[in-house]
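Engineer: Below are the sequence and a predicted model for it; my questions follow.
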Amino acid sequence: MGALETVLLASAILFGVTLVFATLLGVAKEKLRVEEDPRIALVNEALPAANCGGCGFAGCADFAKAVVEQRAECTGCPVGGSKTAERIAQILGVEVVRTYPYRPVIHCRAKRSDKLGIVPYEGVASCVEANVVGVTQGCTYGCLGYGDCVRACAYDAMRMEEDLPVIDYDKCTGCGACVRACPRNIIEQIPFKQERMLVIACANKEPVKCVKAVCKVGCIGCGLCQRLFADLFRVENNLAYLNYDNYTGENDEGNETLQKVLQKCPADVMVYFGKPKAQYAEQLAREEAGHPV
Amino acid sequence: MSVDLGVMFGLFLSVVLVNNLVFQGFLGICPFLGVSRKLDMAFGMGCAVTFVITMAGVITWCIMHFVLHPVAGWALGDPRALNFLQYVAFIMVIASMVQLVEMYLKKFFPPLYTALGVFLPLITTNCAILGACLYIYMKDETQQLLNALIYAFGGGIGFAIAIVIMAGIREHIRFSRVPRPLQGAGISLLIAGILALAFTGFTGIGK
């Protein structure tokens, strides 16, 4: 028996077996067909495919399914922002309200030199561990400065400068990993209506005396901003809050009341995060980023 | 063809404990390490592999005994002349089986389908299944269809036991302080090695 016969026989057998299984699979495909909403695939295509989990679902495909099944809002993708939301809304045939990309800001501006009551700490250089120890610095609300948020960032968008994280908003996708990493919950995602947003950079809820004892730049809860501009500012538990529903970020410089607040704030806790507008970029270039105005 | 319960039981025990595919054959390590993070997922994976391995074992046995051997014997004079085809044919059978299982799960058990995710297609190239099918051909006892079925099923059960034990340990490991260089894959491989060592204790049971 020759080699040629063996080869021919082998091919014939494989061909036959393949044919049987192909037929079987073809029948099974028809019998076991699952009706899937075609919009799921369309929505999935419209998503950024970063699979970061920032929306709270296990990846983009899961989110797409949830949106189509109306378990999630079409604005739920923090990475894609309004563009993605519009496209999803188009696919689903619903109206979408204008949304803004959510980006993290840090409610603390105390650099190492601003902090008081620092205790030498030789433990593991991680915020979570230092937070458990609890006495590495005077302020029990502010940034610990060991960079858990920087390590959590998958997009290389954060770095530490003088024990304070600095966010590169060109690289940031708003996935919220830093927000989850911070043991003190001082990183918050706010709607970036403009390239540059005003932020109350303090999280200390203690009364004035206690704040002054632990920080040079903490909010003392004097309530001045609330008295001057109640639409925008509110003071609760000795801490000022900015209402981002009313704050647009447009024309801050022309808003006299806001300028007055910024000038009069005795603690200098109001800080701009993000990129300055073009016309002020040159003027601000000489100052540090995130400097109080 | 006589049914020998003793042989069958010995075969089953042997492939589940003594010659466990994972711990003694070092087959199927990829899903063994990949899907053993959570107990319920590991159990699902074990069930899927058991199902596929049993079906594949029986079908490959049939292909071997009803297609390859008779055809080779009739056309070439030697029943074993086409044995080189078994790898290709077996892989094809397994791949088709996995496709079938995937469709079945998607239709009837969507949660399990989403939980297994990427690992279900991975069964296609799971060497535990191909290994079991090839062992079936090599062993003397499994030249009977019933014994082959028992052997394949036992192989799947052995894999399921291995992956469930592994998942149970790994769920506990999460709460212990693992030295930094060993975190993740390192400690998993160490556990797998120790488990394999522990399973050598079964040597001598049965045949």
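Structural biologist: Received, thanks. Numbering: from 1, shown residues only, chains lettered A, B, ... in the order given.
Engineer: How far away from the center of its chain is stretch A:54-61?
Structural biologist: Taking Cα atoms, centre = their mean, to the nearest Å, one finds stretch A:54-61 lying 14 Å from the centre of the chain it belongs to.
Engineer: Show me what from chain A comes close to chain B.
Structural biologist: Residues of chain A lying close to chain B (Cβ under 8 Å from any Cβ of the partner chain) are A:1, A:5-6, A:9-10, A:13-14, A:16-18, A:21, A:24-25, A:28-29, A:32-34, A:62. Quick note: C-beta positions are derived from backbone N, CA and C, even for glycine.
Engineer: In ChimeraX, select just the buried ones from those residues.
Structural biologist: Remark: buried members of the residues of chain A next to chain B, expressed as a ChimeraX selection using 16 or more other Cβ atoms under 10 Å in any protein chain shown:
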select /A:6,9,10,13,17,21,28,62
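Engineer: Can you give the distance of stretch A:225-236 from its chain's centre?
Structural biologist: Computed by Cα atoms, centre = their mean, the separation of stretch A:225-236 from the middle of its chain amounts to 26 Å.
Engineer: Quick one: mean pLDDT over that stretch.
Structural biologist: What stretch A:225-236 shows for mean pLDDT is 89.
Engineer: where along the stretch 101-250 of chain A do the helices fall?
Structural biologist: Secondary structure of the stretch 101-250 of chain A, counting by DSSP state H, counting those that start in this stretch: helices at A:127-133, A:148-152, A:177-181, A:208-214, A:224-228.
Engineer: Tabulate these in JSON lines, adding columns for mean neighbour count.
Structural biologist: Putting the helices of the stretch 101-250 of chain A into JSON lines (neighbours: other Cβ atoms under 10 Å in any protein chain shown) gives the following:
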{"stretch": "helix A:127-133", "mean neighbour count": "16"}
{"stretch": "helix A:148-152", "mean neighbour count": "19"}
{"stretch": "helix A:177-181", "mean neighbour count": "19"}
{"stretch": "helix A:208-214", "mean neighbour count": "16"}
{"stretch": "helix A:224-228", "mean neighbour count": "18"}
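Engineer: Beta-bridge partners for A:Ile167, please?
Structural biologist: Beta-bridge pairing of A:Ile167 under DSSP bridges involves A:Met158.
Engineer: From A:Val105, how far out is A:Pro266?
Structural biologist: A:Pro266 sits 22 Å away from A:Val105, taking Cβ to Cβ, to the nearest Å as the criterion.
Engineer: out of these two, which sits in the busier spot?
Structural biologist: Each of A:Pro266 and A:Val105 has its neighbours counted (other Cβ atoms under 10 Å in any protein chain shown); A:Val105 has more, 24 against 10.
Engineer: is that one in a bridge, and if so with what?
Structural biologist: For A:Val105, the beta-bridge partners under DSSP bridges are A:Glu188.
Engineer: How about the contacts made by it?
Structural biologist: By Cβ atoms under 8 Å, 6 or more residues apart in numbering or on different chains, the contact list for A:Val105 reads A:Ile167, A:Ile187, A:Glu188, A:Gln189, A:Ile190, A:Met197, A:Val199, A:Ala201, A:Phe273.
Engineer: try 10 Å
Structural biologist: By Cβ atoms under 10 Å, 6 or more residues apart in numbering or on different chains, the contact set of A:Val105 is A:167, A:169, A:179, A:186-190, A:192, A:197-201, A:271-274, A:290.
Engineer: care to break chain A down by domain?
Structural biologist: Listed domain ranges for chain A are A:38-92, A:102-285 (source: automatic domain parsing).
Engineer: Could you dump the ones you listed into JSON lines with distance to B:Ile194 added?
Structural biologist: Shown next, in JSON lines, are those (distance: least, Cβ to Cβ, whole Å):
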{"stretch": "domain A:38-92", "distance to B:Ile194": "32"}
{"stretch": "domain A:102-285", "distance to B:Ile194": "28"}
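Engineer: can you tell me which of those domains comes nearest to B:Ile157?
Structural biologist: Closest of the domains of chain A to B:Ile157 is domain A:38-92, at 29.8 Å (criterion: Cβ to Cβ).
Engineer: about what we covered before: let's see the ChimeraX selection covering just the buried ones among the contacts of A:Val105.
Structural biologist: Under the burial definition 16+ other Cβ under 10 Å, those of the contacts of A:Val105 that qualify are selected in ChimeraX by:
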select /A:167,169,179,186,187,188,189,190,192,197,198,199,200,201,271,272,273,274,290
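Engineer: For whichever residue of the stretch 51-200 of chain A sits closest to chain B, give its distance to A:Leu47.
Structural biologist: Nearest residue of the stretch 51-200 of chain A to chain B, counting by Cβ to the nearest Cβ: A:Asp62, 8.0 Å away. Per Cβ to Cβ, A:Asp62 is found 10 Å from A:Leu47.
Engineer: repeat for A:Ser82
Structural biologist: A:Ser82 sits 14 Å away from A:Leu47 when distances are taken as Cβ to Cβ.
Engineer: cool, A:Gly2 as well?
Structural biologist: With Cβ to Cβ as the criterion, A:Gly2 and A:Leu47 are 59 Å apart.
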